[in-house]
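Peer 1: Just the structure for this:
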Amino acid sequence: MGDPDELDQTAHGTAVSAPPLQVPIEAAGERLDWFLASQLGSRSAAARAVEAGALVDGRVRPKSYRLEGGERVELPDRVLPPPQPPPEPPRIAWSDEHLAVVDKPAGLVVHPGAGRPSGTMVDALSGMLAGGEAHRRGIVHRLDRDTSGLLVVARSEEAFRRLSGLVRRRELERTYLALVRGHPRSHSGRIEAAIGRDRSEPTRISLDSDSPRDAVTHFELVRAWDAHALLKVKLDTGRMHQIRVHLAAIDLPIVGDAVYGATDPALSRQFLHAAGLGFTHPFSGEEVIVSSPLPPELQRYLDALD
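Peer 2: Predicted coordinates:
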């Protein structure tokens, strides 16, 4: 339900062309401006979107409008960044006629969204991907913009359906390498803590949330230095920012992570790399195991620690 002072009017003549945002059920009760801030990256961007005439199920709403979950939110063209040219296609680490494993570089957004309507990996792989919504064509799981490494994409509608089933059943094994500041208390461990959008800062994910979702992370020590440790991390769940939030919660912030971790002027990105991907091929039944080496900038940082 909205606030009593809501503007309950149908918008006329408002140009919208960005991919609409689908409000998840767990966002029920959130203010419109907080939800938009989480999608656009800042409260100021959310305020501009509301002032420019963002539509909730075709109607203009005030920033204080309380979402019910399940709505479609459309953003006016003028609040979106200018179109970006398609980036260079990322390396294809493995592929066949059904699917491909892509080695995504840091800095590349996976699919178009409210804050980045173009210039994404989906744009770079145009014509190769299939299945799912048009703006997320072929994407069944994702990596944060500044996380590098492997993800599997669909090349047909049926492949998208079957790969999505693997993800839902948690049969897609993802292995990450994370360099943290500090040392774990044990050689290996399990972090089980529900996370969701932070109560006071909607652009962040945290344990202090009104909409927590279960999240489980496993880690194993690979190597330790005086002030750092390299961890191998595996996920039972794949929540947004899960590894970054979970490791920070046990006082092991990821090096280079400006939001949850430990910034370092020698590293312009977070030291998190999706190094391994394993799954049973949804058509042939064969095991697919793909690995990716550390990108040069991360390897150089490690070498400097020795």
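
Peer 1: Low-confidence ranges, the stretch 101-250 of the chain, go.
Peer 2: 112-118 (pLDDT under 70).

Peer 1: which residues in it form helices?
Peer 2: Applying DSSP state H, counting those that start in this stretch to the stretch 101-250 of the chain gives helices spanning 121-124, 157-168, 242-249.

Peer 1: Minimum distance to Glu192: which of these has it?
Peer 2: helix 242-249 (9.0 Å; C-beta to C-beta). Heads up, the C-betas are built off the backbone N, CA and C, glycines and all.

Peer 1: domain parsing for this structure?
Peer 2: 9-79, 81-169, 172-306 (automatic domain parsing).

Peer 1: Tabulate the helices of the stretch 101-250 of the chain (JSON lines), appending mean neighbour count and distance to Ser268.
Peer 2: Output for the helices of the stretch 101-250 of the chain, formatted as JSON lines (neighbours: other C-beta atoms under 10 Å; distance: least, C-beta to C-beta, whole Å):
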{"stretch": "helix 121-124", "mean neighbour count": "22", "distance to Ser268": "20"}
{"stretch": "helix 157-168", "mean neighbour count": "17", "distance to Ser268": "30"}
{"stretch": "helix 242-249", "mean neighbour count": "23", "distance to Ser268": "16"}
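
Peer 1: Put together TSV for those helices, with distance to Val60 on each row.
Peer 2: Formatted as TSV, the helices of the stretch 101-250 of the chain follow (distance: least, C-beta to C-beta, whole Å):
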stretch	distance to Val60
helix 121-124	30
helix 157-168	34
helix 242-249	34
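
Peer 1: quick one: which of the ones you listed is nearest Arg181?
Peer 2: Of all the helices of the stretch 101-250 of the chain, helix 242-249 comes closest under C-beta to C-beta, at 9.8 Å.

Peer 1: quick one: contacts of the closest one?
Peer 2: 144, 176, 178, 180, 191, 193, 195, 205-207, 215, 217, 219, 231, 233, 235, 253-254, 257, 259-261, 270, 272 (C-beta atoms under 8 Å, 6 or more residues apart in numbering).

Peer 1: Beyond that helix, next helix or strand please.
Peer 2: As assigned by DSSP states H and E, the chain's next helix or strand after helix 242-249 is strand 272-280.

Peer 1: What strands line up against that following strand, and which way round?
Peer 2: strand 148-154 (parallel), strand 173-181 (antiparallel), strand 287-291 (antiparallel) (DSSP bridges).

Peer 1: hey, C-alpha coordinates of it in PDB?
Peer 2: C-alpha atoms of strand 272-280 as PDB (Å, rounded to 0.1, in the frame of the first residue of the first chain):
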ATOM      1  CA  LEU A 272      38.000 -11.700  -6.000                       C
ATOM      2  CA  HIS A 273      38.200 -14.100  -8.900                       C
ATOM      3  CA  ALA A 274      35.900 -16.900 -10.000                       C
ATOM      4  CA  ALA A 275      38.600 -19.400 -10.700                       C
ATOM      5  CA  GLY A 276      36.700 -22.600 -11.200                       C
ATOM      6  CA  LEU A 277      33.400 -23.700 -12.500                       C
ATOM      7  CA  GLY A 278      32.100 -27.300 -12.600                       C
ATOM      8  CA  PHE A 279      28.700 -28.800 -13.500                       C
ATOM      9  CA  THR A 280      27.100 -31.800 -15.200                       C
END
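
Peer 1: Would you mark the buried spots in it?
Peer 2: Buried residues in strand 272-280, counted by 16 or more other C-beta atoms under 10 Å: 272-277, 279.

Peer 1: Same question for stretch 32-47.
Peer 2: Those would be 32-40, 43, 45-47, for stretch 32-47 by 16+ other C-beta under 10 Å.
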